[in-house]
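Peer 1: return a 3D structure for these sequence lines:
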Amino acid sequence: MIEEGVRVNRNVLNKEQFIKQLKKKLVEEAKEVQESNNREEVIKELADVSEVIKAIIKEMSLEPQMIEEERQIKANENGTFCPKCYVNFIEVASDNKEVISYLESKNRPYKFIKGINE
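Peer 2: Next comes the predicted model:
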């Protein structure tokens, strides 16, 4: 890269530091997906996301099947993305503390069901 007039300043990270930086990079790449404007850009940015995910899997000694199994469990519990559907909020009974706690921990919007437990 020196021939191109670029010098990279780098240091060697330990495993914990490297995983932390990979997670930060994943967020950065996901933002680039969000900002992409066309199909070609999305493909390129998702390729970057995929590369970072593969690196995290490798560094944490995970198996891709573990992630797929968890994805299926979550899909069964929470459902999957349906085309062009967006959840604005979830209605929940005011005394359903377990669900309210979960939604708040995930910063998910909810409203109380009117007429129930008021």
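Peer 1: so where do the strands sit in this structure?
Peer 2: Taking DSSP state E as the criterion, the chain carries its strands at 90-92, 110-112.
Peer 1: list the buried ones in the first one?
Peer 2: Put plainly, it is strand 90-92. Buried residues in strand 90-92, counted by 16 or more other Cβ atoms under 10 Å: Val92. (Glycine included, C-beta is placed from N, CA and C.)
Peer 1: so what does it touch, helix or strand wise?
Peer 2: The contact analysis (3 or more Cβ pairs under 8 Å, 6 or more residues apart in numbering; DSSP states H and E) places strand 90-92 against helix 97-105, strand 110-112.
Peer 1: I'd like the ones you listed as CSV, with distance to Ala30, mean neighbour count and mean pLDDT appended.
Peer 2: What follows is these, written out as CSV (distance: least, Cβ to Cβ, whole Å; neighbours: other Cβ atoms under 10 Å; pLDDT from 0 to 100):
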stretch, distance to Ala30, mean neighbour count, mean pLDDT
helix 97-105, 20, 12, 93
strand 110-112, 24, 14, 92
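Peer 1: TSV please, covering those and showing distance to Lys54.
Peer 2: Compiled in TSV, those are given as follows (distance: least, Cβ to Cβ, whole Å):
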stretch	distance to Lys54
helix 97-105	28
strand 110-112	35
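Peer 1: phi, psi for Leu62 please.
Peer 2: Note on Leu62: backbone dihedrals following degrees, to the nearest 10 are phi -100, psi 170.
Peer 1: show me the contacts for it.
Peer 2: Shown in contact with Leu62 (Cβ atoms under 8 Å, 6 or more residues apart in numbering): Ile56.
Peer 1: report pLDDT for it.
Peer 2: Leu62 is assigned a predicted lDDT (pLDDT) of 97.
Peer 1: distance check, it against Asn88.
Peer 2: Computed as Cβ to Cβ, to the nearest Å, the Leu62 to Asn88 distance reads 34 Å.
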